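Enquirer: just the structure for this:
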Amino acid sequence: MSVYNMAKKIFTYRGKKLDELKLLSVKELAQLFPSRQRRKLNRGLSENEVNFLNKLKKKDGVKTHLRDMIIFPEMVGKTIKIHSGKEHVPILIQEEMIGFYLGELVLTRKRVGHTGPGVGATKSSSGATKR
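Expert: Model prediction:
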C-alpha cells in the first residue's frame, strides 16, 4: 500500500473530534485544555475577548491585538489578522492550533540576517591605498 492511498487522518483533540468540541461549553472545553489555558478560562473572558469572538462569528479577516486570546474550536477555518507589533499578519486557523494562544502563531521579532560591511565601515572598504 502506497503512502498516497492512505485516507486523511481525522483530527482529534484529547480524544474528541472537531464537531464534538464545537458543542462543548467553555467550562467543559477548559477541562480539556492545559493548565495555563484552563486557569484563564476559569477566570472568565474579558469584554474585549467576547467582542472579538462576536466579530469573528459575523465576518472573516478580523484584525486584533489580542495576542493572549486562546484559539477555540469555532475559530477553525477563519482568517485572523494578528498584530506582530509592527503589522497585522493574516493567519488561517487550523484544527491543530486549538488551545494555542494567538501570540504563539505570529513572531514579534524577525531573524537577523547579517551581510558584509557597508561602505566606510572598515579601512579596507574606503578604497584608499597605503603609501
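Enquirer: could you list the low-pLDDT ranges of this structure?
Expert: In the predicted model of the chain, residues 1-7, 124-131 satisfy pLDDT under 70.
Enquirer: could I get the full set of helices for it?
Expert: All helices of the chain, identified by DSSP state H, fall at 18-23, 26-32, 35-43, 47-58.
Enquirer: for the longest one, packing partners?
Expert: By that I understand helix 47-58. Under the contact criterion of 3 or more Cβ pairs under 8 Å, 6 or more residues apart in numbering; DSSP states H and E, helix 47-58 touches strand 62-64. From N, CA and C alone the C-beta is placed, and that goes for glycine too.
Enquirer: just to revisit the earlier point, could you dump the helices of the chain to TSV with distance to residue 89 and mean neighbour count?
Expert: Output for the helices of the chain, formatted as TSV (distance: least, Cβ to Cβ, whole Å; neighbours: other Cβ atoms under 10 Å):
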stretch	distance to residue 89	mean neighbour count
helix 18-23	24	13
helix 26-32	26	14
helix 35-43	22	13
helix 47-58	16	13
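Enquirer: how about those helices in TSV, adding distance to residue 11?
Expert: As requested, the helices of the chain are arranged in TSV below (distance: least, Cβ to Cβ, whole Å):
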stretch	distance to residue 11
helix 18-23	6
helix 26-32	14
helix 35-43	18
helix 47-58	20
